[in-house]
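Trainee: below are the sequence and a predicted model for it; my questions follow.
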Amino acid sequence: MFDYLIVGAGFAGSVLAERLANGSGKKVLVCDKRPHIAGNAYDFYNDEGILIHKYGPHIFHTNSRDVFDYLGRFTEWREYQHRVLASVDGMLVPMPINLDTINALYGLNLTSFEVEDFFASVAEKTDRIRTSEDVVVSKVGRELYEKFFKNYTRKQWDLDPSELDASVTARVPTRTNRDDRYFTDSYQAMPKHGFTRMFEKMLDHPNIKIMLNCDYREIANDIPYREMIYSGPVDSFFNYRYGKLPYRSLEFKHETHDTEKFQTAPVVNYPNEQAYTRVTEFKYLTGQEHKKTSIVYEYPQAEGDPYYPIPRPENAEIYNKYKALAESRPDVHFVGRLATYKYYNMDQIVAQALTVYGKIAGMKRKEAAVVSEKVSANGKAKLPVSEKVQVVGTTVQ
Ligand code: FAD
Ligand code: UDP
């Protein structure tokens, strides 16, 4: 008899498996319908021996020391600051929009103070920031909004920014200085040997059994367990009782080129002319040295694996109905990006999973991330950091 059947071996499922097994001595069965662990963070060495991310670029960043320290028990880190260029008006300019973006785009030589005045002169003030259009237009005006955000967003979501919650484009800040990092979180690093290796260490415990290529529906009636942790799409769990929750998908086109370097930045965004949104060159992210290089193009799609919940009021309304159903099932814990319909980054999912574990184990949240010395992953246990585990806020800046 298993104590828990865990559906999904991504961050949500794997953190809970590790915590329940290591922290509470529970017996867990993790099943995933894919042929691998690590969910969307799965990475692997391709035929050329280059480490790539199967489901698009995954860059770890967090402001939560607890989350960073917790994962640090299963991996060494390689410090990494992510940078993105946007292809606009035939130029490659820094994204997020910063002082250099404006100077390059308009052939100017403004200072930080002057660019503040420039933004103030073009910004369209609104009383209430409600949509993804409002966020950008109220900061940098309509022209920059149209060059950098409008078409990218339409392509990515098949919606106009005015139809999406403010939180979507608010993920990308605007700067008046020359800081060209994509993220400014306190902890920014990549697992030194990749995400999949980190997951292998998390799940390496005698109480954890893993079944891959396995939809939970194939086994749920035959394998005895007490409770379920579910990290798949919430609408599917309830057989679409209130209709389909929209999720956005992507098609990934992977290529390897016979050259050491393909582009001048880890990611180049293509807001306007192309059918794809961005191109990622993995060697920047992983630090791997190789005489060839692998890249991926992302083509947004309506159909396919559900990757992104779509934050807008009508979807929140549908989700709230499913949430009420989920709350009526004390035997099932819904956790993760698809099961809670939240556009969360990896660190936010880890924090969410640790919070759920804290509740299950009847622990204060600050104790939930503690990996005890005798059971830590590599035998090199460090004492846990006893700070609060908190659900990290969105990275809106
Ligand atoms: P998932 O990783 O989706 O895991 C859920 C698992 O459940 C899947 O493996 C699925 O196969 C399995 N499953 C579903 N239904 C069933 C079923 N019926 N039976 C069995 N198994 C099932 N976050 C960052 O922090 N930084 C980034 O740079 C970043 N980049 C991203 C880029 C892309 C293109 C995408 C799509 C996401 C990105 N994210 C990033 C977000 C990150 O992928 C998620 O926050 C994280 O992977 C969510 O983990 P999860 O466990 O909730 O979900
Ligand atoms: N966005 C944009 N232009 C860009 C980058 C981002 O319009 O060059 C908008 C777009 O709507 C995107 C959102 O901001 O979906 C969030 O961007 P982020 O890079 O965080 O997306 P993710 O990495 O989650 O796909």
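Mentor: That came through, no problem. Numbering: from 1, shown residues only. Ligands and ions are numbered 1, 2, ... in the order given.

Trainee: so what's the closest residue to Ala220 other than its chain neighbours up against?
Mentor: Leaving aside its chain neighbours, Ala220 sits nearest to Leu5 (6.6 Å; criterion: C-beta to C-beta, 6 or more residues apart in numbering). C-beta: built from backbone N, CA, C; applies to glycine. Taking C-beta atoms under 8 Å, 6 or more residues apart in numbering as the contact definition, Leu5 lies against 28-29, 31, 216, 219-220, 223, 225, 227-229.

Trainee: just Trp77 next, same as before
Mentor: Trp77 touches 189-192, counting by C-beta under 8 Å, 6+ apart.

Trainee: got the phi/psi numbers for the residue nearest to Met95 when sequence neighbours are not counted?
Mentor: Leaving aside its sequence neighbours, Met95 sits nearest to Ala86 (C-beta to C-beta, 6+ apart; 4.0 Å). Per-residue torsions, Ala86: phi -110, psi 140 (degrees, to the nearest 10).

Trainee: now the one 10 residues further on
Mentor: Backbone geometry at Pro96, expressed as degrees, to the nearest 10, gives phi -50, psi 150.

Trainee: count the residues that sit near it.
Mentor: Look at Pro96: counted by other C-beta atoms under 10 Å, it has 20 neighbours.

Trainee: does it really touch Val172, like I thought?
Mentor: Yes - the pair Pro96 and Val172 qualifies as a contact (C-beta atoms under 8 Å) at a distance of 5.3 Å.

Trainee: residues of the stretch 51-200 of the chain that sit close to ligand 1?
Mentor: Residues of the stretch 51-200 of the chain lying near ligand 1 by C-beta under 6 Å from any ligand atom: 55-60.

Trainee: most neighbours out of these, which is it?
Mentor: Phe60 (26 neighbours).

Trainee: that one contacts Gln348, correct?
Mentor: No - between Phe60 and Gln348 there is no contact under C-beta under 8 Å: 11.6 Å.

Trainee: which of the contacts of Trp77 sits closest to ligand 2?
Mentor: Nearest to ligand 2 among the contacts of Trp77: Met190, at 15.1 Å, using C-beta to the nearest ligand atom.

Trainee: helix/strand/coil for the closest one?
Mentor: Classification of Met190 using DSSP: H, G, I helix; E, B strand; the rest coil returns strand.

Trainee: likewise the one 10 residues further on?
Mentor: Using three-state DSSP as the criterion, the local structure at Glu200 reads helix.

Trainee: same check, this time on Pro330
Mentor: coil.

Trainee: then the one 3 residues further on?
Mentor: Following three-state DSSP, we place His333 in the strand state.

Trainee: ok, it - contacts?
Mentor: His333 neighbours (C-beta under 8 Å, 6+ apart): 16, 227-230, 356, 360.

Trainee: could you do Ile102 as well?
Mentor: The contact partners of Ile102, by C-beta under 8 Å, 6+ apart, come to 108, 110, 115, 118.

Trainee: filter the residues you listed to the buried ones?
Mentor: Buried members of the contacts of Ile102, counted by 16 or more other C-beta atoms under 10 Å: 110, 115, 118.

Trainee: just the ones in helices from these, please.
Mentor: Residues of the buried ones among the contacts of Ile102 located in helices (DSSP state H): 115, 118.

Trainee: between the buried ones among the contacts of Ile102, which sits nearest ligand 1?
Mentor: Val115 (27.6 Å).

Trainee: how about residues contacting stretch 105-115?
Mentor: Here stretch 105-115 has contacts from 88-89, 91, 93, 99, 102-103, 118, 147, 176-177, using C-beta under 8 Å, 6+ apart.

Trainee: please report phi then psi for the residue nearest the centre of the chain.
Mentor: Taking C-alpha atoms, centre = their mean as the criterion, Asn345 is the residue nearest the geometric centre of the chain, at 3.2 Å. The phi/psi pair for Asn345 (degrees, to the nearest 10) reads phi -80, psi 170.
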